[in-house]
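> Generate a structure from the sequence data that follows.
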Amino acid sequence: MKWRGISTEQDGARPGVSLAQRLMEIKAGVAQYVRPENQAINERAVAELEASGIVDRILPVGARAPEFTLPDQNGKIVSSADLLAKGKLVIDFYRGRWCPFCVTELETYRDMHEEIKASGTSLIAISPQTVKHSAFTADQHKLRFPVLSDTGNKLARQFGLVYSVPAYQEQLFRSVFINLPLTNGDDTWELPLPATYVIDTDRTVLFAEAFSDYTRRPEPSEPLNIVNE
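Coordinates of the predicted model:
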């Protein structure tokens, strides 16, 4: 897939290539194709988010995760209680289908999905997108796990992940046709931090990692090691 000239390599698995390496390739594409002044805007937003200390306030390891019910890409209601009755749960919070770093992470989980299922663990992805756009995400990237819609970031807020896109970055997003009111179905211009959680059957958080820098993600092997312990 080409995203504004940047390849996300969605057309197949790339054995032996880490998620970190794939994300670095996208960053290199950004450096090549995105105007320096636009890069500076995103870098400023990341720096301000890091300075806010939001990552230090996310729902931590050892806490109890909230229960939830959310619609998947087909409009079917998915319950955390039902998933946890079967085993542990891996949750990937992502910003949206417009973010090449997010979809690359989702594709990496897609390629590991059978391995995760074999461990008796469920995998879900959550974003503030509408069901329609979650369906687009799942279809375009061939995802076979639930892609849930967290309207208004209500669940992400309980995990401590939600922030408001600053006005100057909103202006940039609009100029490059990233239309959050359209994809998310509200006018808040709020997003979740990219975050990965592993939840035990009693709702205890076993793994929690989030980044202010949207270009960074944990390797999927990290939560997989937790569920296999």
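
> which residues sit in contact with W189?
164-165, 170, 180-181 (CB atoms under 8 Å, 6 or more residues apart in numbering). C-beta coordinates here come from the backbone N, C-alpha and C atoms, glycine included.

> Any figure for the gap between the nearest residue to it once chain neighbours are set aside and I41?
Residue nearest to W189 in three dimensions, not counting chain neighbours: V165, with 4.5 Å by CB to CB, 6 or more residues apart in numbering. Distance of V165 to I41, computed by CB to CB, to the nearest Å: 11 Å.

> same check, this time on Q73
Applying CB to CB to Q73 and I41 gives a distance of 31 Å.

> Y214 is in contact with K27, correct?
No. Using CB atoms under 8 Å, K27 is not in contact with Y214, being 10.7 Å away.

> Neighbour count: those two, which is higher?
Using other CB atoms under 10 Å, the more surrounded residue of K27 and Y214 is Y214, with 19 against 16.

> Please report how far the more buried one lies from S119.
28 Å.

> and what of G87?
8 Å.

> what stretches of the protein score poorly on pLDDT?
Residue ranges of the chain with pLDDT under 70: 1-15.

> Excluding residues flanking it in the chain, which one is nearest the residue most central in space within it?
The centroid of the chain falls nearest to Y94 when counting by CA atoms, centre = their mean (1.6 Å). For Y94, ignoring the flanking residues on the chain, the nearest one in space by CB to CB, 6+ apart is C102 at 4.0 Å.

> pretty sure that neighbour contacts T108?
No. Look at C102 against T108 with CB under 8 Å: they stay out of range, at 10.8 Å.

> Number of residues surrounding the residue nearest to Y94?
23.

> Then E48?
14.

> Okay, it and E37: tell me how far apart.
Distance of E48 to E37, computed by CB to CB: 17 Å.

> re the thing from before, out of the contacts of W189, name the ones that lie in strands.
Those of these mapping onto strands are S164, per DSSP state E.

> Can you tell me which of the contacts of W189 are classed as buried?
165, 180 (16 or more other CB atoms under 10 Å).

> Which SSE is immediately downstream of the top helix by length along the chain?
In the chain, ranked by residue count with DSSP state H as the criterion, the top helix is helix 100-118. For helix 100-118, the following helix or strand on the C-terminal side (DSSP states H and E) is strand 122-127.

> what lines up beside that next one in the sheet?
strand 89-93 (parallel), strand 147-149 (parallel) (DSSP bridges).

> my guess is T183 contacts V131, does it?
No. In this structure, T183 is not within contact of V131 by CB under 8 Å, at 11.3 Å.

> Checking R97 next. Helix, strand or coil?
Taken by DSSP: H, G, I helix; E, B strand; the rest coil, the conformation at R97 corresponds to coil.

> Pretty sure G120 sits against G87.
Yes. The pair G120 and G87 passes the contact test of CB under 8 Å, sitting 3.9 Å apart.

> For this protein, just list every one of the helices.
Counting by DSSP H, the helices of the chain are 19-33, 36-52, 80-84, 100-118, 131-140, 154-158, 167-175, 180-184, 221-227.

> for the fourth one, packing partners?
Helix 100-118 is packed against helix 19-33, strand 89-93, strand 122-127, helix 131-140, helix 221-227, with contacts defined by 3 or more CB pairs under 8 Å, 6 or more residues apart in numbering; DSSP states H and E.
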